[in-house]
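Trainee: Return atomic coordinates for the entry below.
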Amino acid sequence: MTYLDIITQVLRRLRAETIEGAQVESNPYFRVIGSLVNDAKETVENSWQWGALRDTDYIPLVPNSDSTYSLKGSADNNYVIHRIASYSNTNPVDPQSGSERMYLRWRNVPQMKQRYQHPDAVPQDRPTDFSVVGVDSNGDIKIQVFPRAPGMAPNTEYWLEVDHSKTQDMLVLPTDKLIVPSLPVYSLATALASRERGEIGGTSTAEWFQIADRYLSDAIAYDSALYANELNWDGNIDYPNRTNFRFA
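Mentor: Sure, this is the predicted structure:
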C-alpha cells in the first residue's frame, strides 16, 4: 500500500474528502495526517521484528588499520544485527551446504579491545569474531572484526554477510510503498487523528486505539508464525539455570 493509499484510508475514516497525490503537501491538515501516518508506521515497525524488514548486507573486507567497517543505512533506522558470517571471495557461499560460510562470534567491546591491545601483533586471517564499537560520522553503526582482514587495499579476500532488520525510511512521496502490514498502520494513524479532533462517527478515540491494538496483535501473530522456530530457546543440561528454553 502506498503512502497516498494510507492517507486516503485515514481520511475516509475521518469522514473527510480524499485527495490526489499532488495534494499531500498542499494543505497543513493533510501534512498533519501524513505525519501521523509516519508516527504510526514507526510504532508498528518497532512492535516486532517483521519479516518484511529483514535483509542481508554484503561488506567487502578491504584491509584497514583497525579492521572497522560501517553498516550502511543503519543510522536512525533501529538497525538490529541478527548474525554475521564471513566467506572467501574465491569460494562463493553455497546456500545449500553453507560449507564456505562461517558465523562470527559476537564479542563485547572490552573483549575486542583486549585483542587489539597490541595492534602490530594482530594476526591477518579470516575473521572469526566481531564487536559493535560505535558509530561513524554519518551515524551508521561500526563493527570491528578479528583477526584483521589479510591482503593490501583494495584487494578483497573475504566478505561479511550481515543478516539484519531495520525500519523503513519515512514515507514522503505519494508513491512510497509501506513494507510492514498496512491495516495496523492506518488504524493507529486514525486513532492518533481522532485524539486531535475528537469522536469519529460515534467511535471514541479510546475505541480506535483498541481497534488499532487488536489489528497490530493479529498482524504480529501472523508474521511470528512464519518464524516460530525463533521463539524457542534451545539449550542442554549444561545450562540448568536458564529459563524460558526447551532442551534440544
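
Trainee: ok, residue 178 - how many residues close by?
Mentor: 20 (other Cβ atoms under 10 Å). Using the backbone N, CA and C atoms, a C-beta is placed for each residue, glycine as well.

Trainee: so who does it touch?
Mentor: 1, 2, 3, 6, 41, 168, 171, 185 (Cβ atoms under 8 Å, 6 or more residues apart in numbering).

Trainee: What segments of this protein are helices?
Mentor: 3-13, 28-45, 109-115, 182-197, 205-224 (DSSP state H).

Trainee: any idea how far the closest residue to residue 71 other than its chain neighbours is from residue 132?
Mentor: Once flanking residues are discounted, residue 71 sits nearest to residue 141: 4.6 Å by Cβ to Cβ, 6 or more residues apart in numbering. From residue 141 across to residue 132, the span is 6 Å (Cβ to Cβ, to the nearest Å).

Trainee: can you check residue 160 too?
Mentor: Residue 160 is 13 Å from residue 132, by Cβ to Cβ.

Trainee: More neighbours: those two, which one.
Mentor: residue 160 (21 against 16).

Trainee: Kindly state the beta-bridge partners for the more buried one.
Mentor: Beta-bridge partners for residue 160, by DSSP bridges, are residue 59, residue 86.

Trainee: That one reaches residue 128, doesn't it?
Mentor: No: counting by Cβ atoms under 8 Å, residue 160 stays clear of residue 128, with 11.8 Å between them.

Trainee: Overlap in contacts, the two.
Mentor: With Cβ under 8 Å, 6+ apart, residue 160 and residue 128 have common neighbours 86, 104.

Trainee: related to what we said a few turns ago, tell me the most buried of the helices of the chain?
Mentor: Each of those was scored by mean neighbour count; the highest is helix 182-197, a mean of 22, by mean count of other Cβ atoms under 10 Å.

Trainee: Alright, I will stop here.
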